[in-house]
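A.B. asks: dropping the sequence and predicted coords here.
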There are 2 protein chains.
Amino acid sequence: MTLPKRQMKLGAFLQSVGHHLAAWRHPDVNPEDATSLEHLKNLARIAEQGKFDAIFFADGLGWPQVPPQLLAKGAPAYYWEPLTVLSALAQVTNNIGLISTISTSYLPPFHLARLFASLDHISNGRAGWNLVTSGTDFEAKNFNLDTQTGHQERYLRAREYVDVVKGLWDSLDDDAYLFDQDSGDFFDPEKIHYLNHKGKYFSVAGPLQSARPVQGYPVIVQAGSSEDGRHLAAETAEIVFTAQQSLEGAQAFYQDIKQRAQAFGRTPDSIKVMPGIMPIVGKTLAEAQEKFEQLQSLIDPTIGIGLLSGFLGNIDLSKYSLDDPVPDFPVTEGWQSRQQLLIDLARQENLTIRQLYKRVAGARGHKIVVGTAAQIADELEHWFNHSAADGFNILAPTFPQGLSGFVEQVIPELQARGLFREEYEGNTLREHLGLARPRSHYHDTV
Amino acid sequence: MTLPKRQMKLGAFLQSVGHHLAAWRHPDVNPEDATSLEHLKNLARIAEQGKFDAIFFADGLGWPQVPPQLLAKGAPAYYWEPLTVLSALAQVTNNIGLISTISTSYLPPFHLARLFASLDHISNGRAGWNLVTSGTDFEAKNFNLDTQTGHQERYLRAREYVDVVKGLWDSLDDDAYLFDQDSGDFFDPEKIHYLNHKGKYFSVAGPLQSARPVQGYPVIVQAGSSEDGRHLAAETAEIVFTAQQSLEGAQAFYQDIKQRAQAFGRTPDSIKVMPGIMPIVGKTLAEAQEKFEQLQSLIDPTIGIGLLSGFLGNIDLSKYSLDDPVPDFPVTEGWQSRQQLLIDLARQENLTIRQLYKRVAGARGHKIVVGTAAQIADELEHWFNHSAADGFNILAPTFPQGLSGFVEQVIPELQARGLFREEYEGNTLREHLGLARPRSHYHDTV
């Protein structure tokens, strides 16, 4: 008897017409797809053909408050509200997981619990929630505030938020239903639970009037790699997305997350670490390199700098020349881990501002792997087999080509090596990921 | 040349396994449908076969904080989050409008604008928003509050809320897109608008990063019939749902709403008044009456009283005998117009508490019409032709039977009389209703 071989998990990170900042300008891309919901249905179907564990949407609550001339240069990244879109995509797919980022910062936890409970039922158990805290002042300005809350405070609030949301998901026991037409008892009253949560940030009575999610709880995902973010992820997340440039950095992060999770009494297997990877696939290495260079050449410097400035906490870069070395910046209250990653990268490689924005514009700090299908599979396998990753979140540079190319060329290579599934193992996202269905907190000890 | 005959508009008000409180206990009904999303897909398809203008969901944010023994007696009315459900239903229908209640009380307007903009695009222009303010303390307790806000204050806030939401929907002009791959201009910067709203209740910078809705704005619906509610509806609503028991009451309401709308410079046609009607259809009057009596006999007195108490502002009715006449109660800060309707009804007909809860349990204050298809069509035609209604919101007593029966029997009768469409006139909900697509407020004078 042999143990089944450990296989990698793959997420298809969807965004507009591609993750590369200049994707919409690529001659093979139809820029109108950036505003099309049919386009997203097509991508979801392609990802499901590729047996991806899940599709994934990032999210943001508004647009940077920069001059319209700058906004006008880019295809918007977070064009639609993701939960309505995933509810629609659930109807045109059957197996693939459906993960969305939803920020804890400006949506009351009662609404979030209800939205995800519905999505999990609409999709028959395929929902995942990427829990983030909003990290910009421009988002705060859409919600009655002038500035965002401080980094640590945001994470303390998020920690309590998760408890409230899980508590609401447990409002009705799985077996709460009697449906007894004769007696008139629809529910068993013993199996309806009032939460009566009163904490530092939230006061929520409950119950939520929806069935417990098919998966018990939708899969909890996190992407914060700061100290606060890692702490929260280790305690509560089941998937951790991360941006890692080097094998060593990824290994250190992987080990750190698994150790922190163990300190919370969790098994290493119960938390999947999935770095983001942008694959640029060619029939030859030269063809792949040419593809990448073509995309890089299409980056408008104005938005390259705009993007870099945003990642660095909306710092004003206009007083520097593009060919100056990247200066020292303080880490702000925004996306701290991403800021540190970029500053470290600039230092290690002595990058100029232009060189750094070109690096960022490609994959926003995620690792770019350029090569043949076999070379890309080699790289993924190497990380996977050397304690750097349980799987990968795949950022296609262009859509649909970058995703369909990965599905047609790299996935078969991974399958041939026994590293990736040929068929879905089950029906729910938890089953794809090999994660247990959580018990209700009212029955922890049963 | 003859003018086309004026036709009525019809909404299919969907809820659980029926609007009658005891629907789930009816032997023809499958109580498990109350928790099934496939059931809702089936209802949406039936309503579309019947050429209804729209399906409609009411909503509530939680469960009354009553003993679980009482909650256990009923099928929950607002089980799923309606916008995710409508996004899914948009995929299994092609023409029918998709209207949901969403309360302004606990969801920031930026989220609401984004959710409905997405739904309107997901459905190719079929979204409608029933704007309400939450009217109970138990909902407030799910959102960090102990008690709800006062009635008038809620409506003042709602008025500003509508302005913010419409302003955000106008963020991108309809022709804002250049898609110019060569120049790198995705948008025309002149056509991206920052809202920069600063009002008494809201401060929202914008822009919303979504396309202007297909319909310009989703259709705005309201159901408040109090003084505050009528004022808000007359200024902003395009459909007004209302509960009316008598032709005279409905005529007075109809005239009042149209006059108030005219005072705001609107045409009478731009606001459709649609009373709720619960049709109990039989092959004979006797069969219909028997159907109704069967449902009435299944009402558990515990939840009959619970429902009545809720409608009267959570007043304690336990100290009265069921056969006492309905006592005098003050109108509370809750659903004022519904409270007044019930008190008036009890006075006019000298009802006991038991008689009143039986009236309420049927259709929650909406008019019940019992008869053959022809008799029901007669009643609708009479109201429609005597300035009491532009159409009706149909509350089927049971699902799917009550809806499919109406579609198979009453709709053909209305069609034969030329009172209702044989085919959809257009693609969007606005087109079904004969409502113009609103201009962006940035181009009011163009």
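C.D. replies: Structure received.
A.B. asks: remind me, longest helix of chain A?
C.D. replies: As assigned by DSSP state H, the longest helix anywhere in chain A is helix A:151-169.
A.B. asks: and it, is it in reach of chain B?
C.D. replies: No - using Cβ under 8 Å from any Cβ of the partner chain, helix A:151-169 never reaches chain B; the gap is at least 8.5 Å. (C-beta placed from N, C-alpha, C; glycine too.)
A.B. asks: show me what that helix is packed against.
C.D. replies: Identification of packing neighbours for helix A:151-169 by 3 or more Cβ pairs under 8 Å, 6 or more residues apart in numbering or on different chains; DSSP states H and E yields helix A:109-122, strand A:127-132, strand A:197-198, strand A:203-204, helix A:227-236.
A.B. asks: buried ones in it?
C.D. replies: Neighbour-count burial for helix A:151-169, with 16 or more other Cβ atoms under 10 Å in any protein chain shown as criterion, is recorded at A:151, A:154-169.
A.B. asks: for stretch A:362-371, how far is the first residue from the last?
C.D. replies: For stretch A:362-371, the first-to-last residue distance is 15 Å (Cα to Cα, to the nearest Å).
A.B. asks: any regions of the stretch 201-350 of chain A where pLDDT drops low?
C.D. replies: Low-confidence segments of the stretch 201-350 of chain A (pLDDT under 70): A:333-335.
A.B. asks: now do the contacts for the residue of it found nearest chain B.
C.D. replies: As assessed by Cβ to the nearest Cβ, chain B sits closest to A:A205 within the stretch 201-350 of chain A, at 3.9 Å. Counting by Cβ atoms under 8 Å, 6 or more residues apart in numbering or on different chains, A:A205 touches A:Y194, A:L195, A:N196, A:H197, B:G62, B:Q65, B:F138, B:K141, B:N142.
A.B. asks: most widely separated two among those?
C.D. replies: A:H197 and B:F138 (14.6 Å; Cβ to Cβ).
A.B. asks: helix or strand: which one has the closest residue to A:A12 other than its chain neighbours?
C.D. replies: Closest residue to A:A12 apart from its sequence neighbours, by Cβ to Cβ, 6 or more residues apart in numbering or on different chains: A:A47 at 3.9 Å. Using DSSP states H and E, A:A47 maps to helix A:37-49.
A.B. asks: any idea of the mean pLDDT in that helix?
C.D. replies: For helix A:37-49, mean pLDDT is 98.
A.B. asks: what pairs with the helix or strand following it, and is each one parallel or antiparallel?
C.D. replies: Downstream of helix A:37-49, the next assigned helix or strand under DSSP H and E is strand A:54-57. Sheet partners assigned to strand A:54-57 using DSSP bridges are listed as strand A:9-14 (parallel), strand A:97-103 (parallel).
A.B. asks: quick one: average pLDDT of the first one?
C.D. replies: Meaning strand A:9-14. For strand A:9-14, mean pLDDT rounds to 98.
A.B. asks: one step back: give the buried subset of the contacts of A:A205 as a ChimeraX selection command.
C.D. replies: Those of those that count as buried under 16+ other Cβ under 10 Å are selected in ChimeraX with:
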select /A:195,197 /B:62,65,138,141,142
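A.B. asks: so which of the contacts of A:A205 are in helices?
C.D. replies: Counting by DSSP H, the part of those found in helices is B:F138.
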